[in-house]
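Enquirer: Below: sequence and its predicted model.
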Amino acid sequence: MRLALSASVFCGAMLLAGMSAAGAATLREAWEACTARQIRPADRIANCSAIIESDAVKPSIRAQALSARGFAHLAERNLDRALADFDAAIKENPNLATAHYYRGAILSQSDPDRALDALDKAISLNSKDPDFFRERSAIYVKRKDYARAIDDLTTAIGLKKNPKTEYFLRGAAYEDSGDREKAIADYQASLLLDPDYDMLRRHLVRLGGEIPQAIRLPPGPCSANDIAYEERVAGCTAVIDSGTLTGWPLRVAYCNRGYALTELRAYDRVIADSNALIEIDPQAGCGYLNRGRAWYYKHDLDQAIADYTEAVAFDPRLHEAYASRGTAYFDRRDFQQAIANYDAAISIDPYVPMYFSDRGNTRYQMGDIDRAIADYDKAIEINPDYAQAYARRGWAFLKADDLARAEADFNKSLEIDPTFTYAVAGRAQLYQRQNKPVPEERSTGLSFDNLRRMVDQPNAEAAAKKDRP
């Protein structure tokens with residue numbers, strides 16, 4: 001949702017008579033902050049309240065201030081206060097379409113009938129806003145009234161400059177209604193507008209549709225799976241140098257090459273390659289991601305975090321950038337920021353075991369052993385052969401003095417990977433605690449933190465990617 005207010009300029013004509021020039025100037029400043037596009041919700045609430053509580057403003061201005069304050073409450077997930085403000089805005093100005101829209105959006109979860117009435121009213125007042133139709137279509141989908149949902153989404157598509165979301169939602173409505181061919185066509189249209197939507201790509205293929213040629217790399221080593229990194233670099237270099245690629249395929253060729261170069265530890269080449277891509281496409285999220293990883297492995301956390309932040313700014317679904325930024329914050333010992341970034345990565349793609357394992361490791365360092373174990377459990381559920389998660393869970397059980405389960409996890413980790421350092425050191429410490437003899441070659445004496453830094457993270461990351469459906 002977005003803040004949508006009248007474009008009216010606050011001026012003397014919107015004030016009632018009798019206010020001083022100084023008072024009018026103060027209200028004007030409050031109005032500008034109340035209706036600003038980018039402002040903290042608490043600041044919006046305070047400034048809108050100044051407008052609402054003034055006896056000098058006309059009802060139409062008070063209504064817009066109420067709507068803006070309701071939007072701020074909505075941003076803070078305070079739905080009751082938001083709804084009260086939208087109701088009050090409508091009382092002040094029954095023709096304020098955005099207030100009806102937000103009211104309908106809130107009620108859609110609890111009272112679909114009233115929500116539908118509110119959205120019908122919003123559309124009757126403003127039939128040019130695609131968001132109004134998209135919101136109403138969601139209620140029709142819940143009612144399995146797919147014909148009306150599709151009609152609303154078709155209208156929204158016609159009104160929007162970049163209807164990638166509306167094509168996707170209409171495709172889902174067609175799919176739910178049993179019209180597979182139209183669903184495929186809409187998913188293809190959505191992908192053409194948003195070619196980085198990897199989950200939609202996978203779903204389209206599962207549905208039997210083809211990825212549009214315009215957003216596909218040509219077959220070959222640059223796009224092949226399970227190929228040596230040197231071969232991928234050579235293949236991507238060949239298609240980049242051919243001059244035949246433009247747009248999304250060219251971006252992906254650069255990104256695939258950059259990722260392979262990272263795996264080969266050619267970090268300076270990764271930075272140069274990413275710079276070249278960003279010059280071609282300044283919004284290429286994966287270019288910032290690859291460059292951020294290179295800075296990370298060159299031990300420049302500030303540069304890495306800055307690039308990861310750019311990556312998610314241009315591609316908010318780039319879960320790898322959130323996870324990588326989480327790891328950089330972990331290395332800074334900023335555990336709260338690390339958790340927030342792992343949370344974001346998991347919310348986008350909950351099928352990468354490494355994200356749960358790394359979040360669990362962060363919680364372990366914070367002393368939150370129970371939640372750390374829960375994260376390791378989830379990583380193992382996704383990939384039952386994930387040696388790192390067993391080893392980390394073993395350390396957590398060791399911390400909790402659950403020695404039997406710690407030993408079982410260390411043994412399982414070493415069964416999967418007999419050379420895994422975490423598990424070797426963990427079991428050595430376990431044996432020492434149990435007064436068992438420790439084989440000399442397995443007594444590393446390394447701390448948990450130092451052991452973590454010995455893990456070959458790029459290869460672990462590549463292995464985790466293979467685990468995704």
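Expert: Nice, I can see it.
Enquirer: Give the residue spans of the stretch 351-469 of the chain that score low on pLDDT.
Expert: 439-469 (pLDDT under 70).
Enquirer: what ranges do the helices span in it?
Expert: Remark: helices assigned in the stretch 351-469 of the chain by DSSP state H, counting those that start in this stretch are 353-366, 369-382, 387-399, 403-416, 421-433, 448-454, 457-466.
Enquirer: now those helices as CSV including mean neighbour count and distance to residue 130?
Expert: C-beta here means a position set from N, CA and C on the backbone, and glycine is covered the same way. Converted to CSV, those look like this (neighbours: other C-beta atoms under 10 Å; distance: least, C-beta to C-beta, whole Å):
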stretch, mean neighbour count, distance to residue 130
helix 353-366, 24, 34
helix 369-382, 20, 37
helix 387-399, 26, 44
helix 403-416, 18, 51
helix 421-433, 21, 51
helix 448-454, 14, 48
helix 457-466, 16, 36
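Enquirer: Now residue 400. Nearest residue, chain neighbours left out?
Expert: Spatial nearest neighbour of residue 400, chain neighbours left out: residue 369 (5.3 Å); criterion: C-beta to C-beta, 6 or more residues apart in numbering.
Enquirer: thinking again about what came up before, right, and the helices of the stretch 351-469 of the chain - which one's nearest residue 186?
Expert: The minimum distance between residue 186 and those falls on helix 457-466, with 28.2 Å, by C-beta to C-beta.
Enquirer: Wait, residue 180 touches residue 208, no?
Expert: Yes - with contact defined as C-beta atoms under 8 Å, residue 180 and residue 208 form a contacting pair (7.4 Å).
Enquirer: three-state assignment of residue 223?
Expert: coil (DSSP: H, G, I helix; E, B strand; the rest coil).
Enquirer: next one: phi and psi at it?
Expert: For residue 223, the backbone dihedrals (degrees, to the nearest 10) come out as phi -110, psi 0.
Enquirer: Which pLDDT does the model give it?
Expert: With respect to pLDDT, residue 223 has a value of 85.
Enquirer: Now do the same contact list for it.
Expert: 216-217, 235, 252, 256 (C-beta atoms under 8 Å, 6 or more residues apart in numbering).
Enquirer: same thing but 10 Å
Expert: 216-217, 232, 235-236, 239, 249, 252-253, 256 (C-beta atoms under 10 Å, 6 or more residues apart in numbering).
Enquirer: And it, how far from residue 217?
Expert: 4 Å (C-beta to C-beta, to the nearest Å).
Enquirer: Quickly list what's touching both of those two.
Expert: Shared contacts of residue 223 and residue 217, counting by C-beta under 10 Å, 6+ apart, come down to 235-236, 239, 249, 252-253, 256.
Enquirer: So which of those wins on neighbours?
Expert: Counting neighbours by other C-beta atoms under 10 Å, residue 236 leads these with 27 neighbours.
Enquirer: Tell me the helices and strands packed up against the host helix or strand of residue 340.
Expert: Element membership of residue 340, judged by DSSP states H and E, is helix 335-348. In terms of contacts (3 or more C-beta pairs under 10 Å, 6 or more residues apart in numbering; DSSP states H and E), helix 335-348 is packed against helix 301-314, helix 319-331, helix 353-366, helix 369-382.
Enquirer: So which of those is nearest residue 40?
Expert: Of these, nearest to residue 40 by C-beta to C-beta is helix 301-314, at 18.5 Å.
Enquirer: residues of that closest one that come out buried?
Expert: Going by neighbour count (16 or more other C-beta atoms under 10 Å), the buried part of helix 301-314 is 301, 303-308, 310-312, 314.
Enquirer: Lowest-confidence member of those residues, which is it?
Expert: residue 314 (91).
Enquirer: For that residue, give me its contacts.
Expert: Each residue near residue 314 by C-beta under 10 Å, 6+ apart is listed here: 196, 278, 281-289, 321.
Enquirer: Now do it against residue 55, distance only.
Expert: For residue 314 relative to residue 55 (C-beta to C-beta), the value is 46 Å.
Enquirer: Dump the helices and strands packed on helix 335-348 into JSON lines; add distance to residue 432 as well.
Expert: Converted to JSON lines, the helices and strands packed on helix 335-348 look like this (distance: least, C-beta to C-beta, whole Å):
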{"stretch": "helix 301-314", "distance to residue 432": "34"}
{"stretch": "helix 319-331", "distance to residue 432": "27"}
{"stretch": "helix 353-366", "distance to residue 432": "20"}
{"stretch": "helix 369-382", "distance to residue 432": "20"}
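Enquirer: Let me know which of those is the nearest to residue 344.
Expert: So among these, helix 319-331 is nearest, using C-beta to C-beta, at 4.2 Å.
Enquirer: between the closest one and helix 353-366, how big is the angle?
Expert: In terms of direction (axes from the mean of the first three to the mean of the last three C-alpha atoms, to 10 degrees), helix 319-331 departs from helix 353-366 by 20 degrees.
Enquirer: helices or strands up against helix 319-331?
Expert: Secondary-structure packing of helix 319-331 (3+ C-beta pairs under 10 Å, 6+ apart): helix 285-297, helix 301-314, helix 335-348, helix 353-366, helix 448-454, helix 457-466.
Enquirer: one more time with 8 Å
Expert: Using 3 or more C-beta pairs under 8 Å, 6 or more residues apart in numbering; DSSP states H and E, the elements in contact with helix 319-331 are helix 285-297, helix 301-314, helix 335-348, helix 353-366.
Enquirer: Now do the same contact list for the residue nearest to residue 400.
Expert: Here residue 369 is in contact with 363, 396, 399-400 (criterion: C-beta under 8 Å, 6+ apart).
Enquirer: same thing but 6 Å
Expert: Neighbour list for residue 369: 396, 399-400 [criterion: C-beta atoms under 6 Å, 6 or more residues apart in numbering].
Enquirer: do residue 250 as well
Expert: Residue 250 makes contact with no residue under the criterion C-beta under 6 Å, 6+ apart.
Enquirer: Need phi/psi at it.
Expert: phi -70, psi -40.
Enquirer: Find me the pLDDT at it, would you?
Expert: Reported pLDDT for residue 250: 92.
Enquirer: Tell me the pLDDT of the residue lying closest to residue 142 once chain neighbours are set aside.
Expert: In space, residue 142 comes closest to residue 112 once its chain neighbours are excluded; the distance is 6.6 Å by C-beta to C-beta, 6+ apart. Residue 112 carries a pLDDT value of 93.
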